[in-house]
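Novice: Predicted coordinates and the sequence they were generated for:
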Amino acid sequence: MTTLETEFPDLRVMPSPDAEVGLEAATRAAQDFLEALGVDCETPGTLDSPRRMAKAYADLLSAPEFTMTTFPNDEGYQELVLVSDLPVTSVCEHHLLPFTGVAHIGYLPGARLLGLSKFARAVESFARRPQVQERLTSQLAHWLHEALAPRGVGVIVEASHSCMSLRGATVSGSTTRTTALTGAIHDHPATRAEFLAAVADRTRRI
Ligand SMILES: Nc1nc2c(ncn2[C@@H]2O[C@H](COP(=O)(O)OP(=O)(O)OP(=O)(O)O)[C@@H](O)[C@H]2O)c(=O)[nH]1
Ligand SMILES: [Zn+2]
């Protein structure tokens, strides 16, 4: 089994090795945190809220492992494979507030093809950790390039940041687009244009 942690030992790994102990400590910390902000955690509705909050963040920050299933490219498929509109749910590392959107991932196959569901699993795995959108985009592209050895990879992420919409600048409706390209999709203008046009065809408002 190949895991992202094996491929990228330098990445921060979530969750804690002992999730049960982690959850208890996080619940206590959430209670302190909420009470410090003046939230009454003793009402029937909020009694269990510190645990719910701890569990919610554990879910958002638990990068799942997955099996990296690949197949030989027996037919020598050469053209772009584009998997679009993969849901992204991540957490900005500055405010620990969610950012959500979609990822579009394309690659030009080499000797092996990647199981299609693994694109969704890779997005989830890289997203469920404290992130910035640029890093998420680059990590996806470089992971795929290293793990699959394709001729090129293109990743576009479009997302809305709740730290921008719900607080601070309170700008609603703004989206951010980030792009990471490798190999032929980066180097060859026509191939790059083909990838960008294919994504543009699929792009919808978030
Ligand atoms: N480049 C980038 N910036 C991000 C991302 N997520 C959040 N940020 C920004 O991180 C910055 C943190 O800025 P600070 O000035 O330290 O934090 P702040 O005082 O809460 O800033 P405001 O959000 O402007 O109120 C903000 O400009 C956020 O919009 C991301 O994925 N990429
Ligand atoms: Zn933020």
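Specialist: That came through fine. Predicted, not measured: the structure shown is a model, and the values here were computed from it. Ligands and ions are numbered 1, 2, ... in the order given.
Novice: who in the chain is up against ligand 2?
Specialist: Counting by CB under 5 Å from the ion, the chain comes close to ligand 2 at 92, 94, 95, 163. Placement of C-beta: from N, CA and C, glycine included.
Novice: Can you tell me which of the residues you listed is closest to residue 178?
Specialist: Distance to residue 178 across these (CB to CB) is lowest for residue 92, with 13.0 Å.
Novice: low-scoring stretches of the protein, by residue?
Specialist: Residues of the chain meeting the criterion pLDDT under 70: 1-21, 204-206.
Novice: What ranges does it have for its strands?
Specialist: Here the chain has its strands, by DSSP state E, at 70-72, 81-92, 98-108, 112-114, 130-131, 152-161, 176-182.
Novice: Most tightly packed of the ones you listed?
Specialist: strand 152-161 (a mean of 24; mean count of other CB atoms under 10 Å).
Novice: Can you tell me the closest non-neighbouring residue to the residue most central in space within the chain?
Specialist: For the chain, the residue sitting closest to the mean C-alpha position, by CA atoms, centre = their mean, is residue 127 at 2.4 Å. Nearest residue to residue 127, sequence neighbours excluded (CB to CB, 6 or more residues apart in numbering): residue 90, at 3.9 Å.
Novice: and residue 167, what is it in contact with?
Specialist: By CB atoms under 8 Å, 6 or more residues apart in numbering, residue 167 lies in contact with 95, 97.
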